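Novice: Sequence first, predicted model second:
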Amino acid sequence: MDIEMNKNEDVNKLALAKIRQLLEKIEEGGGKKAIQKQKERNKLTARERLAYLLDKDKMFIEIGAFAGYGMYEEYGGCPAGGTVAGVGYVGGKQCVVVANDQTVKAGAWFPITGKKNLRMQEIAMENNLPVIYLVDSAGVFLPMQDDIFPDKEHFGRIFRNNAKMSAMGITQIAAVMGPCVAGGAYLPIMSDETIMVEGHGSIFLAGPYLVKAAIGENTDNETLGGAVTHTEISGIADYKFKTEEECLDCVKDIISKMGGTPKAGFNRIEALAPAKKPEEVYSIFPEGNLKPYDMREIIETIVDESSFEEFKKDYGKTLICGYARVAGWSVGIVANQRLNIKNTKGELQIGGVIYNDSADKGARFIMNCNQKKIPLVFLQDITGFMVGTRSEHAGIIKDGAKMVNAVANSVVPKLTFILGNSYGAGNYAMCGKAYDPRFIYAWPSAKIAVMGGEQAAKTLLQIEVASLKTKGEEITSEKEESLLKEMMDKYASQTTAVYAASRLWVDAIIDPKDTRKIISENLSAANHNPHMEEFKTGVLQV
């Protein structure tokens, strides 16, 4: 291994180590004191509940671990959005699991909590997966009620989705292990089956204090809405247990007895190991997201050996398209090539940029995959579409629109991985979050923005300097440099993988070497949904 590859490996592993350090802090939830209080009440934490529930020998992909990171600091923060969630296996069945974290503001719902829970329900609906809710929440976080309560994508949408999923035949199980208050009380009752823990679980539209204030009645949690009340009097809940472990055992038993469902039928054969070991990716991917590298080498760490069949290899070379297998699954790969290359006319094309010919090729390949019902995997490292007089005269907007149209109307599952840069319309054409990927992930090296940091900062600087000059201020070269640094620092902080993950622009930040395993697990999930719309692209300029 040469010096450059060693350097790449060190940089990538250091970036991954920093992500893991942040995750360790996030996994503390509301902090050690809050966890200790949970223990004193003889309750498990959200992560302990999931550890007990999930099959130990199967992969669990946590979704939204960074949700809320660096947000709501005035309220003490909201680690992981106040919930622990993901896709894993229970009783041998792949499921979506969502657990309120009672150590974070008593499990209260912040705006990001609602967004995360809606994302988990979206994953369940798109992939026809059962959902397990581990409920332990005080309801809406009142100081921010206007940002979580009334709008279409707010708190109430959760219960609308409960109803829709039920109509779709998606099993939903709610284990009430703590409070379930006010509007949140609808979630377990709109689930298929409700299980409660005696002495801890409670369900009511209004708690004892509000009941006293509203109608003057004196009562307590257990009498008002405890496990005995709802299993013996109201009939709202279906089972009650004395311990959380017994409650979770019941969930496992219910899920394990579920019958099989029709599959989508995505093609899979016996898997082969990749040509390059997945961990070799650390030495291949360059530091700083600036240096050229051959994306085909990255692909060789992901796909089964000798399975990659490149589409239009000698045309539109800044976009690599091809059929392959990942852990035996048939996939279509669309990836940005980061090498600078010459096109068929002998003109130099910049790596990571989509040109007319590569956009045209990408659109055609995506349509082919939809025709053949082959899932798509997008590997993003793109600085955007080519600009300038030549490209505009050649119709880059038209060719880019064809690719965006194909991505937008694609009906096969789309999995997106942001390896490096994800800038501007390139993010859209390569199936960014706005284009409904089934799952979307970032490597620690990912950067997501409307344009590169330096270009953006210089553009903003020109606007700021012009504004200051109109106000009569004299701008020295030192002042200009200071303004540029300030803008670049701010812009850089808003383009990181962590910033994106905290706002759920991506589902998770992953270890690059796990990309292959995650693709396989995601396709297993996608294969549970046999319903696929007819592929139509509408009107295209040709």
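Specialist: Yes, it's here.
Novice: Would you map the strands across the stretch 201-350 of the chain?
Specialist: Remark: strands assigned in the stretch 201-350 of the chain by DSSP state E, counting those that start in this stretch are 202-204, 239-241, 309-310, 319-326, 329-336, 341-342, 348-349.
Novice: any idea how far Phe308 is from Ala275?
Specialist: Ala275 sits 9 Å away from Phe308, going by Cβ to Cβ, to the nearest Å. Just so you know, the C-beta spots here come from the backbone N, C-alpha and C atoms, and that holds for glycine as well.
Novice: Which neighbours do the two have in common?
Specialist: Glu300 (Cβ atoms under 8 Å, 6 or more residues apart in numbering).
Novice: how far does stretch 55-66 stretch from start to finish?
Specialist: 23 Å (Cα to Cα, to the nearest Å).
Novice: Check which helices and strands the helix or strand of the chain with the lowest mean pLDDT is in contact with.
Specialist: Sorting the helices and strands of the chain by mean pLDDT, DSSP states H and E puts helix 453-470 at the bottom, at a mean of 75. Where contact means 3 or more Cβ pairs under 8 Å, 6 or more residues apart in numbering; DSSP states H and E, helix 453-470 is packed against helix 477-493.
Novice: Mind listing residues that contact whichever helix or strand comes after the helix it packs on?
Specialist: Where DSSP states H and E defines the elements, the next helix or strand beyond helix 477-493 is helix 497-502. Identification of contacts with helix 497-502 by Cβ under 8 Å, 6+ apart yields 19, 22, 64-71, 112, 418, 442-448, 493, 506, 508-509.
Novice: could you redo the last one with a cut-off of 6 Å?
Specialist: Residues outside helix 497-502 that contact it (Cβ atoms under 6 Å, 6 or more residues apart in numbering): Phe66, Tyr69, Gly70, Ala442, Pro444, Ala446, Ile448, Val506, Ile509.
Novice: Nearest to Asn8, out of the residues you listed: which one, please.
Specialist: Pro444 (12.9 Å; Cβ to Cβ).
Novice: re the thing from before, could you check which of Ala275 and Phe308 is surrounded by more residues?
Specialist: Ranked by neighbour count (other Cβ atoms under 10 Å), Ala275 and Phe308 place Phe308 first, with 20 against 17.
Novice: Look up the residues forming beta bridges with the residue nearest to the more buried one when sequence neighbours are not counted.
Specialist: The spatially closest residue to Phe308, leaving aside those adjacent along the chain, is Ala324, at 4.4 Å (Cβ to Cβ, 6 or more residues apart in numbering). Counting by DSSP bridges, Ala324 forms beta bridges with Val331.
Novice: hmm, back to that, can you put the strands of the stretch 201-350 of the chain in CSV and add distance to Pro375, mean pLDDT and mean neighbour count?
Specialist: Output for the strands of the stretch 201-350 of the chain, formatted as CSV (distance: least, Cβ to Cβ, whole Å; pLDDT from 0 to 100; neighbours: other Cβ atoms under 10 Å):
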stretch, distance to Pro375, mean pLDDT, mean neighbour count
strand 202-204, 40, 91, 25
strand 239-241, 38, 97, 19
strand 309-310, 15, 98, 12
strand 319-326, 9, 98, 23
strand 329-336, 5, 98, 25
strand 341-342, 28, 88, 12
strand 348-349, 28, 90, 14
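Novice: So for Tyr423, which of the ones you listed sits nearest?
Specialist: strand 329-336 (10.8 Å).
Novice: Determine the angle, from 0 to 180 degrees, between that closest one and strand 319-326.
Specialist: 160 degrees (axes from the mean of the first three to the mean of the last three Cα atoms, to 10 degrees).
Novice: that older thread, mind checking which of the contacts of helix 497-502 land in strands?
Specialist: Among those, the members found in strands (DSSP state E) are Ala442, Ile448, Ile509.
Novice: ok, those vs Arg364, which is closest?
Specialist: Closest to Arg364, out of all of the ones in strands among the contacts of helix 497-502 and judged by Cβ to Cβ, is Ile448, at 26.6 Å.
Novice: before we move on, the earlier item: and the buried ones among the contacts of helix 497-502, selectable in PyMOL?
Specialist: Buried members of the contacts of helix 497-502, defined by 16 or more other Cβ atoms under 10 Å, are picked up in PyMOL with:
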select buried, resi 66+69+442+444+446+448+506+509
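Novice: Just give me the neighbour total for Val140.
Specialist: 23.
Novice: Got phi/psi on it?
Specialist: Main-chain torsions, Val140, degrees, to the nearest 10: phi -60, psi 140.
Novice: ok, it touching Pro150?
Specialist: No - assessed by Cβ atoms under 6 Å, Val140 is found out of contact with Pro150, at 10.6 Å.
Novice: the residue most distant from the middle of the protein, which is it?
Specialist: Gly472 (47.5 Å; Cα atoms, centre = their mean).
Novice: Helix, strand, or coil at that one?
Specialist: On the three-state scheme (DSSP: H, G, I helix; E, B strand; the rest coil), Gly472 is labelled coil.
Novice: and Ser137, what does it touch?
Specialist: Ser137 neighbours (Cβ under 6 Å, 6+ apart): Asn100, Gly107, Gly184.
Novice: Going by neighbour count, which of these comes out on top?
Specialist: Comparing the contacts of Ser137 on neighbour count, Asn100 comes out first with 29 neighbours (neighbours: other Cβ under 10 Å).
Novice: For that residue, which residues count as its bridge partners?
Specialist: Residues in beta-bridge contact with Asn100 (DSSP bridges): Thr83.
Novice: The chain should start at 31 in everything you say after this.
Specialist: Got it, the first residue is 31 from now on, which makes the last one we talked about Asn130.
Novice: so it touches Asp166, yeah?
Specialist: Yes - the pair Asn130 / Asp166 is scored as a contact, 4.5 Å apart, by Cβ under 6 Å.
Novice: Around Lys307, how many other residues sit close by?
Specialist: 11.
Novice: Who's the closest spatial neighbour of it, skipping the chain neighbours?
Specialist: Nearest to Lys307 is Thr331, by Cβ to Cβ, 6+ apart, at 6.9 Å.
Novice: what about that neighbour, distance to Ala168?
Specialist: 45 Å.
Novice: residues contacting Lys428?
Specialist: Counting by Cβ under 6 Å, 6+ apart, Lys428 makes contact with Gln571.
Novice: Can you tell me the element it falls in?
Specialist: If you go by DSSP H and E, Lys428 is part of helix 426-439.
Novice: doesn't Lys566 fall inside a helix?
Specialist: No - counting by three-state DSSP, Lys566 is not part of a helix but coil.
Novice: For it, which non-adjacent residue is spatially closest?
Specialist: Once flanking residues are discounted, Lys566 sits nearest to Asn439: 6.1 Å by Cβ to Cβ, 6+ apart.
Novice: How about Ser554?
Specialist: The spatial neighbour of Ser554 that comes closest, neighbours along the chain excluded (Cβ to Cβ, 6+ apart), is Gln124 at 6.2 Å.
Novice: host element of that neighbour?
Specialist: Assigned by DSSP H and E, Gln124 falls in strand 123-130.
Novice: same deal with Pro560?
Specialist: Counting by DSSP H and E, Pro560 is found in no helix or strand.
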